[in-house]
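J.: could you work out the structure for the sequence below:
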Amino acid sequence: MELKERILEKSLGLFMRRGYEAVTMDDICSEAVVLNDEMNNYFISKKEILEELLDRHFRVMDEAVKGATRYSGDLA
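T.: Here you go, the predicted model:
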């Protein structure tokens, strides 16, 4: 698994278990087994991580809605 993906996966797990406010960047680094310097190559704050997670989630939802509402022929 790519490092960025591991960071996102581990962050999501921590946010779900402890709540966003209770999680620190150090917690994320520890859970993802990544050094702070490595983390900073991808994210400099947990807010950035949350924004990436939400962006991905809403992109998937948007595609699902578009697919479900796509008109593909006569209704009759």
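
J.: return the set of buried residues in the helix or strand of the chain with the lowest mean pLDDT.
T.: Least confident helix or strand, the chain: helix 46-69 with a mean of 86, by mean pLDDT, DSSP states H and E. Neighbour counts using 16 or more other Cβ atoms under 10 Å place 46, 49-50, 52 of helix 46-69 among the buried residues. The way it works is simple: take the backbone N, C-alpha and C, and place the C-beta from them, glycine included.

J.: same check, this time on stretch 15-24
T.: By neighbour count on 16+ other Cβ under 10 Å, the buried set for stretch 15-24 is 15, 23.

J.: what's that stretch in contact with?
T.: With contacts defined as Cβ atoms under 8 Å, 6 or more residues apart in numbering, stretch 15-24 is touched by 11, 14, 27, 46, 50, 53.

J.: out of those, what pair is the most spread apart?
T.: 27 and 53 (15.3 Å; Cβ to Cβ).

J.: can you tell me how far residue 4 sits from residue 22?
T.: 23 Å (Cβ to Cβ, to the nearest Å).

J.: need the contact list for the residue positioned nearest the centre of the chain.
T.: The residue lying closest to the centre of the chain (Cα atoms, centre = their mean) is residue 53, at 2.2 Å. Applying Cβ under 8 Å, 6+ apart, we find residue 53 in contact with 8, 11-12, 15.

J.: and which of the residues you listed is nearest residue 39?
T.: When the contacts of residue 53 are compared for distance to residue 39 (Cβ to Cβ), residue 11 wins out at 10.1 Å.

J.: buried residues in the helix or strand containing that closest one?
T.: Residue 11 belongs to helix 3-18 when assigned by DSSP states H and E. Neighbour-count burial for helix 3-18, counted by 16+ other Cβ under 10 Å, picks out 4, 7-8, 10-11, 14-15.
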